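1. kindly return the folded structure for what I paste below:
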Amino acid sequence: MNSCADYIARCKVELGGASDAKLGTMLRPQVGQQSISRAKSGAMTDTVALAVGRFLEGRGVIEHAGEVLLVAHAERDADPSVRQALLAYAKKVVTSVPKRAAAAVAAVVVALGFSLHPQPAEAGHIGGEGRFRRKPA
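-> Model prediction:
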C-alpha cells in the first residue's frame, strides 16, 4: 500500500520531477506548496488528498481518487489500532477486489471513519442556532 509521500512522489514524477512549489501550483486553487510539504510528512488533508487523487486518476496512475483519501485518513488517525486496521483493510481490498469496486469500498470506509471520529463543533454552532441571536429591542 502506498503512503501519502508515495502519492506526492508519483505526482512529481508525472510532472517530470517537479518541486513542491510546482506541484502546488498545478493543483491550485485547493493546494499550495506548504500543503504539499505537510502532506509528505503524513499530514495530508482531505482537500489535498482529493486533489492529488484526481490528478493521479486523470493521468491513469490510479483507478479512483478515493484511494488517496483513504490512505490520508488512515495516516492522520491518532489511534494506532484504527490506523493499522484501515491500512490493512485498504490493502486487502485493493489487492483482492477489482479496482473499480475497491474504490467504492474505500469511499465507504472513509465515510465510516468520519462517522466514528466526529469533528469538533464550530464555535458558531455551540449551544444551538439561537444562542447568538440578538435580543429584540
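
2. Y7: helix or strand, and which one exactly?
-> Y7 belongs to helix 4-14 when elements are defined using DSSP states H and E.

3. which parts of whatever helix or strand comes next after that helix are buried?
-> Later in the chain than helix 4-14, the nearest helix or strand by DSSP H and E is helix 20-26. Judged by neighbour count (16 or more other C-beta atoms under 10 Å), helix 20-26 contains these buried residues: D20, K22, L23, G24, M26. Backbone N, C-alpha and C define where each C-beta goes, glycine included.

4. just give me the neighbour total for the nearest residue to the first one once chain neighbours are set aside.
-> In space, not counting the residues next to it along the chain, D20 is nearest to I36; the distance is 4.4 Å by C-beta to C-beta, 6 or more residues apart in numbering. Residue crowding around I36 was assessed by other C-beta atoms under 10 Å; the count is 26.

5. wait, I36 touches G24, no?
-> Yes - counting by C-beta atoms under 8 Å, I36 touches G24, with 4.9 Å between them.

6. ok, the residue nearest to D20 - contacts?
-> By C-beta atoms under 8 Å, 6 or more residues apart in numbering, I36 lies in contact with I8, D20, L23, G24, L27, V48.
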